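Student: Sequence and predicted structure are below.
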Amino acid sequence: MSSFAFILISLCTFGLIFLLLLIAYRMKEISSQSKEINKRLKFWLSERSTGLYGAQQSPDKDETFARRVLLPLGEQVGNWMAEKVPYNKQSQMRKLLIRAGFRSKKSLQFFYAIKSAVAVSLAGGVLFACSILGKDIQAAFGLAFVTGAIGFIGTNMFVDKIAGERQQSIDKVLPDALDLLVICTEAGMGIDQALLRVASNLGSKGKELTEEIILTNRELSLGQERAICWANFGERANSEELKNLARVIVQSEKVGASVGTVLRNQAEFLRVRRKQKAEEKAAQMTIKMMIPLAIFIFPVIMAVTMGPPIVKLVSTLGKMS
């Protein structure tokens with residue numbers, strides 16, 4: 001117990017010293033970078049102090065400890081972790097983050113920083129709990145390593161779950177959006193203007209699809225090739241229905257067919273497919289209900305129906321013997 005506590009205290013002390021040194025280095029770097037900005041703002045600050053711009057206000061409260069220290073520290077940790085990961089893994093993770101709705105340039109770095117923080121926190125918590133309970137040193141370190149690995153991998157599963165829920169919400173609202181798109185195109189609007197009109201009328205339930213439509217419209221406005229824009233439209237959400245819709249629109253534009261007719265057929269197809277999925281889930285309910293019936297309901301029924309005769313039979317046999 002004493003040796004384990006000594007090792008734990010040593011590790012905590014080393015981690016604290018390393019964290020303090022890293023924070024001091026980051027603060028020094030921020031201070032050196034801000035000198036030039038302070039020189040440029042010196043005249044403005046002098047005018048502000050004399051009252052030309054009104055009463056002197058308090059410092060910016062947004063510049064908290066988290067913004068000044070924790071976010072830059074997390075960015076540095078994420079950059080260091082990203083350098084250790086192969087490029088193909090980084091590309092896959094970036095696609096997963098985009099599908100989950102995290103499109104910031106620094107989202108990958110912060111994701112790796114969060115993964116590291118979760119793993120270290122869980123491992124440290126397990127070590128602390130084992131030190132209190134008096135567990136063996138090797139078992140404690142093994143359990144801490146396993147817990148940290150679970151936390152490191154579990155963040156990927158969490159982001160994957162968010163991406164799946166986002167895809168399901170897009171697929172759920174897509175048939176209604178296609179109906180609105182058909183109405184707009186048949187009224188004489190172009191496909192680009194119709195997309196914006198649909199995005200403005202989807203509401204809160206279609207927030208994810210609205211974001212994808214706005215991004216696609218921006219790409220089209222910037223002059224990127226339309227086939228690439230429509231391909232990205234389906235690839236960002238990883239939705240097969242969006243991918244099929246993008247292919248249909250691209251083919252109709254290449255052939256010169258009526259976009260309204262194509263969209264109407266696609267809307268009918270999605271509506272039939274959604275009905276088939278609902279029927280499939282309804283058919284699966286009878287099979288899924290067998291598990292709770294067999295575990296919770298059938299034993300109770302058997303106990304109620306067969307319990308009294310069995311008790312009576314046992315008592316009768318006991319009297320006979």
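Tutor: Nice, thanks for sending it over. Numbering: from 1, shown residues only.
Student: Show the contacting residues for residue 297.
Tutor: Residue 297 sits next to no residue when contact means Cβ atoms under 8 Å, 6 or more residues apart in numbering. Heads up, the C-betas are built off the backbone N, CA and C, glycines and all.
Student: what helices or strands is the helix or strand hosting residue 284 leaning on?
Tutor: Assigned by DSSP states H and E, residue 284 belongs to helix 259-288. On a contact count with 3 or more Cβ pairs under 8 Å, 6 or more residues apart in numbering; DSSP states H and E, helix 259-288 meets helix 137-186, helix 240-255.
Student: Could you break this structure into its assigned domains?
Tutor: Under the assignment automatic domain parsing, the domains of the chain span 2-40+70-163, 166-286.
Student: Among the helices and strands packed on helix 259-288, which comes closest to residue 126?
Tutor: helix 137-186 (4.4 Å; Cβ to Cβ).
Student: so after the closest one, what's the next helix or strand?
Tutor: Immediately after helix 137-186, counting by DSSP H and E, sits helix 191-201.
Student: got the angle for that next one vs helix 137-186?
Tutor: Here helix 191-201 runs at an angle of 120 degrees relative to helix 137-186 (axes from the mean of the first three to the mean of the last three Cα atoms, to 10 degrees).
Student: Quick one: residues in contact with the very next helix or strand once past helix 191-201.
Tutor: Next helix or strand after helix 191-201 toward the C-terminus (DSSP H and E): helix 207-221. Helix 207-221 is contacted by residues 101, 166, 169-170, 173-174, 177, 192, 195-196, 198-199, 202, 226, 228-230, 232-233, 236-237, 242 when judged by Cβ under 8 Å, 6+ apart.
Student: Pull out the buried residues from the helix holding residue 284.
Tutor: 259, 260, 262, 263, 264, 266, 267, 269, 270 (16 or more other Cβ atoms under 10 Å).
Student: ok, now how distant is the second one from residue 185?
Tutor: In this case it means residue 260. Distance, residue 260 to residue 185, by Cβ to Cβ, to the nearest Å: 4 Å.
Student: Give me the helices and strands touching the helix or strand harbouring residue 90, please.
Tutor: When elements are assigned from DSSP H and E, residue 90 belongs to helix 87-99. Packing partners of helix 87-99 (3+ Cβ pairs under 8 Å, 6+ apart): helix 107-133, helix 137-186, helix 226-237.
Student: Going by mean pLDDT, which of the ones you listed comes out lowest?
Tutor: With a mean of 80, helix 107-133 has the lowest mean pLDDT of the helices and strands packed on helix 87-99.
Student: Over to residue 189: give its phi and psi.
Tutor: Note on residue 189: its backbone torsions stand at phi -80, psi 150 [degrees, to the nearest 10].
Student: Give me the neighbour count for the residue nearest to it when sequence neighbours are not counted.
Tutor: Counting by Cβ to Cβ, 6 or more residues apart in numbering, residue 189 lies nearest to residue 197, which is 6.7 Å off, once chain neighbours are set aside. Residues lying near residue 197 (other Cβ atoms under 10 Å) number 17.
Student: Residue 139 now?
Tutor: Counted with other Cβ under 10 Å, residue 139 comes out at 10.
Student: what's the answer for residue 111, then?
Tutor: 23.
Student: Next up, the contacts around the residue nearest to it when sequence neighbours are not counted.
Tutor: Excluding the flanking residues, the one nearest residue 111 by Cβ to Cβ, 6+ apart is residue 97, at 6.3 Å. Contacts for residue 97 (Cβ under 8 Å, 6+ apart) come out as 103, 107, 108, 111, 159.
Student: Mind putting these into JSON lines with distance to residue 207?
Tutor: Listed next are the contacts of residue 97 as JSON lines, based on distance: Cβ to Cβ, whole Å:
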{"residue": "103", "distance to residue 207": "14"}
{"residue": "107", "distance to residue 207": "18"}
{"residue": "108", "distance to residue 207": "23"}
{"residue": "111", "distance to residue 207": "22"}
{"residue": "159", "distance to residue 207": "18"}
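Student: quick one: which of these is nearest residue 85?
Tutor: Nearest member of the contacts of residue 97 to residue 85, counting by Cβ to Cβ, is residue 108, at 9.3 Å.
Student: Can you pull out the low-pLDDT segments for the stretch 201-321 of the chain?
Tutor: For the stretch 201-321 of the chain, the stretches with pLDDT under 70 are 321.
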